[in-house]
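Visitor: Everything below, folded, please.
(one chain, ligands or ions: 1)
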Amino acid sequence: MALKIMILGANGFIGSALTSAILRERDWEVYGIDLADNKLGELPKDERFHFVEGDITINREWVEYHVKKCDVVVPLVAIANPAQYVTHPLRVFELDFEANLAVVRHCVKYGKRLVFPSTSELYGMSPDAVLDEETSPLVYGPINKQRWIYAASKQLLDRVIYAYGVRDSLDYTLFRPFNFIGPNLDNIEEPKEGSSRVFTQFLSNVLYRRPFKLVDGGRQKRSFTFIDDAIECLLTILENRDGRATRRIFNIGNPDNCVSIRELAERTIRIAQEFPELRDAARATEIIEVSAGEYYGKYYQDIQVRVPAIQAAKRDLGWQPHTDLDTAIRRTIEFYVKLGSFDPLNAAASGL
Ligand code: UDP
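Guide: Numbers count the residues shown, from 1 in each chain. Below you'll find the model as predicted:
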């Protein structure tokens, strides 16, 4: 019998890419819910995709009924954007922790497999140069640095899920995304500065001809992972052949794509110039430095470097990432160009 997968947040960055890959590459059924369907394109027309527009904090009966009905539950509804950790910390707690705890408990009650997004943010300011799922310490700043409410919420949920695994044999996998980038990450036409994650913020700045702002000089490093690589890993986790992913934690990241934010800015400008639509704007883009306090306010604290250990995924899932950073940047820009996101830029340039 074909697997029935429930995806909460099916219209999100990961949810939409995962739904699309499942329908394309597997014969599984997907039951999805989200607030909107703008990233799903034609997918809702697929007879194996059962999608409803709704809010998991309101449509609770739908959620419980479908946990009961499905084999695997993938709760992807969350705020995962540092700008919002400092502006809306309680909203982050209520959605990322409280709403998801209810779903976790349904999985325990009905004995369903849970594939849950932990986060690379969970390692915080860990002193380890390479972050390991089983051994790295998780290190956060003081309470007045509200940025850490996201990591702390996620950490507690990881611990709760782990404990349900020990006590009730809950069948779960925790996965930790490391700066996924790709089509549909954020809406780059969103004019508000500081509302997106760094890469889409840069693309938005090209569109609006604004300078790239490097927080504290852009020396901090991230390992950027192309969404298609990540989705391949998630399909293997969902498949869970011989229970290889059961009660395990996996980093999903690309250590070969670890660069400073300054390097990301320079590469984005260079690669954007390959696209005729963006050439002039990209060439004219300035890079300036701002302090973290100016950019995010006093509740922010940064992470200097974040490199995943991926031996566990390599060894036990047979997975490894393939997409280098330039290709990931190029394919993402290509997507937004095709979508028409940069059209206002050309209208402005031609005086329309
Ligand atoms: N950042 C930056 N300029 C921007 C937006 C973000 O220099 O316009 C920095 C931010 O301070 C952080 C890094 O880029 O060090 C990555 O930020 P992002 O919001 O993508 O997520 P994070 O990796 O911190 O979860």
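Visitor: for the ligand, what are the nearby residues on the stretch 201-350 of the chain?
Guide: The stretch 201-350 of the chain has residues 201, 213-215, 218, 220, 222, 261, 302-303 near the ligand, with proximity defined as C-beta under 6 Å from any ligand atom. Yep, even glycine has a C-beta here, placed from its N, CA and C like the rest.
Visitor: Among those, which lie within strands?
Guide: 213-215, 222 (DSSP state E).
Visitor: those strands in the stretch 201-350 of the chain, which residues are they?
Guide: 212-215, 221-223, 225-226, 248-252, 258-260, 287-290 (DSSP state E, counting those that start in this stretch).
Visitor: which residues are contacting the third one?
Guide: Okay, so that is strand 225-226. With C-beta atoms under 8 Å, 6 or more residues apart in numbering as the test, strand 225-226 has contacts from 177-182, 252-254, 257, 321, 323, 327-328, 331.
Visitor: Scan these and report the most crowded one.
Guide: Compared across the contacts of strand 225-226, Gly253 has the highest neighbour count, 29 neighbours, by other C-beta atoms under 10 Å.
Visitor: Please list all residues in contact with it.
Guide: Listed by C-beta under 8 Å, 6+ apart, the contact set of Gly253 reads 120, 176-179, 223, 225, 307-308, 310, 321.
Visitor: cool, Gln320 as well?
Guide: Per C-beta under 8 Å, 6+ apart, neighbours of Gln320: 310, 313-314.
Visitor: quick one, longest helix in the protein?
Guide: Secondary structure of the chain per DSSP state H: the longest helix is helix 148-168.
Visitor: Now that one: buried residues?
Guide: Across helix 148-168, burial judged by 16 or more other C-beta atoms under 10 Å covers 148-155, 157-158, 160-161, 164-165.
Visitor: Output it as PDB - backbone C-alpha positions only.
Guide: Extracted as PDB, the C-alpha positions of helix 148-168 are listed here (Å, rounded to 0.1, in the frame of the first residue of the first chain):
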ATOM      1  CA  TRP A 148      17.600  32.300  21.200                       C
ATOM      2  CA  ILE A 149      13.900  31.700  21.800                       C
ATOM      3  CA  TYR A 150      13.700  29.800  18.500                       C
ATOM      4  CA  ALA A 151      16.600  27.500  19.200                       C
ATOM      5  CA  ALA A 152      15.400  27.000  22.800                       C
ATOM      6  CA  SER A 153      11.900  26.100  21.700                       C
ATOM      7  CA  LYS A 154      13.200  23.700  19.100                       C
ATOM      8  CA  GLN A 155      15.700  22.200  21.500                       C
ATOM      9  CA  LEU A 156      13.000  21.500  24.100                       C
ATOM     10  CA  LEU A 157      10.800  19.900  21.400                       C
ATOM     11  CA  ASP A 158      13.800  17.700  20.300                       C
ATOM     12  CA  ARG A 159      14.100  16.600  23.900                       C
ATOM     13  CA  VAL A 160      10.400  15.900  24.300                       C
ATOM     14  CA  ILE A 161      10.400  13.900  21.100                       C
ATOM     15  CA  TYR A 162      13.500  12.000  22.200                       C
ATOM     16  CA  ALA A 163      11.900  11.200  25.500                       C
ATOM     17  CA  TYR A 164       8.700   9.900  23.800                       C
ATOM     18  CA  GLY A 165      11.000   7.700  21.800                       C
ATOM     19  CA  VAL A 166      12.500   6.300  24.900                       C
ATOM     20  CA  ARG A 167       9.300   5.900  26.900                       C
ATOM     21  CA  ASP A 168       6.700   5.100  24.300                       C
END
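Visitor: ranges for the helices of the stretch 251-352 of the chain?
Guide: Shown for the stretch 251-352 of the chain, the helices assigned by DSSP state H, counting those that start in this stretch span residues 261-272, 279-283, 292-296, 311-312, 325-339, 343-349.
Visitor: possible to save those helices as JSON lines with mean pLDDT?
Guide: Converted to JSON lines, the helices of the stretch 251-352 of the chain look like this (pLDDT from 0 to 100):
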{"stretch": "helix 261-272", "mean pLDDT": "98"}
{"stretch": "helix 279-283", "mean pLDDT": "96"}
{"stretch": "helix 292-296", "mean pLDDT": "94"}
{"stretch": "helix 311-312", "mean pLDDT": "98"}
{"stretch": "helix 325-339", "mean pLDDT": "97"}
{"stretch": "helix 343-349", "mean pLDDT": "74"}
